[in-house]
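Asker: let me see the structure of the following:
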Amino acid sequence: MAIYDLRPWLSTPETITSCPPGLEYLYQINQLTVCQYFDPLGVLRKFETSKTYEILNNQGQIIYFAEERNNCFLRHLCGFSRPFTITIYDNVGRDVLALHKALKCSCCWSRCCLQKLKVEAPPGETIGYVYQYFHPFLPKFKIKNENKEEVMKIRGPWLVFSCLRDLNFNLLTVDEEMVIGKISKQYSGFVRGILTNGEKFGIQFPFDLDVKIKALMLGATFLIDYMYFELWP
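Answerer: A predicted model of the protein is given here:
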């Protein structure tokens, strides 16, 4: 485990019996920031390296740290289509979440290539899934619980390749009638956006949203990053 920043870690919260271990950090918050660690060697070599992230609360305290775990061959050969496992751990090094994506082609015109993410909390115990579903123009996802019942939807913007503004992926009720949160790909500035591979996302949700759905939104953020903002090595 490596820490790349001097930001303070949030102290370990008290255990909540109804909450999966480690997700107590999400219980009393309504927003997160996900910052990818900038790897200068990856940029200079034009070679895809494992991604690492810090996950912060609205006070800039680190809640979790995330690491991609797969092999160098797959990262370079498959690029943004690669399978991955992202492990998310807390300030004592405890594995809190595991995110799993299988290898799939990223052709948006084929239904058989739609992406899926499985979310486990703690690792080994599935709490839900994020499914991409087909739409000819918009990025759309379904958030499902451990029983594969639909609990939320995510709808992205028509154009996801602009580096000059924030891009919002709205969290919707199942009937798509109400926006209750969002995942925002935040504009990092022209020079940084062109020359670096470090991304930054903001996540907003209601305070009283089920803590598992908050964790699934966090998982969806990583899937969106890999699908739409990953550059081929």
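
Asker: can you pull out the helices in this structure?
Answerer: With helices called from DSSP state H, the chain shows them at 40-45, 72-78, 190-195, 211-228.

Asker: for this structure, which spans come out with low pLDDT?
Answerer: Within the chain, the segments meeting pLDDT under 70 span 1-7, 38-49, 71-81, 105-112, 161-164, 188-198, 231-233.

Asker: over to residue 51: give its phi and psi.
Answerer: Phi and psi for residue 51, reported as degrees, to the nearest 10, are phi -90, psi 140.

Asker: so what's the closest residue to it other than its chain neighbours bridging to?
Answerer: Nearest-residue entry for residue 51: residue 68, 4.4 Å, with adjacent residues in sequence omitted and distances by Cβ to Cβ, 6 or more residues apart in numbering. From N, CA and C alone the C-beta is placed, and that goes for glycine too. Per DSSP bridges, the residues bridged to residue 68 are residue 86.

Asker: separation between residue 68 and residue 22?
Answerer: 19 Å (Cβ to Cβ, to the nearest Å).

Asker: and residue 199, by the same measure?
Answerer: When residue 199 is compared with residue 22 (using Cβ to Cβ), they lie 24 Å apart.

Asker: higher neighbour count, the two?
Answerer: Neighbours were counted for residue 199 and for residue 22 using other Cβ atoms under 10 Å; residue 22 has more, 24 against 20.

Asker: for residue 156, which non-adjacent residue is closest in space?
Answerer: Nearest to residue 156 is residue 139, by Cβ to Cβ, 6+ apart, at 3.3 Å.

Asker: any idea how far residue 94 is from residue 128?
Answerer: 20 Å.

Asker: my bad, should have said residue 85
Answerer: Applying Cβ to Cβ, the value for residue 85 to residue 128 is 16 Å.

Asker: surely the residue nearest to residue 51 meets residue 52?
Answerer: Yes. Using Cβ atoms under 8 Å, residue 68 is in contact with residue 52, at 7.1 Å.

Asker: circling back: the residue nearest to residue 51: neighbour count?
Answerer: Counted with other Cβ under 10 Å, residue 68 comes out at 18.

Asker: for it, what are its contacts?
Answerer: 50, 51, 52, 84, 85, 86 (Cβ atoms under 8 Å, 6 or more residues apart in numbering).
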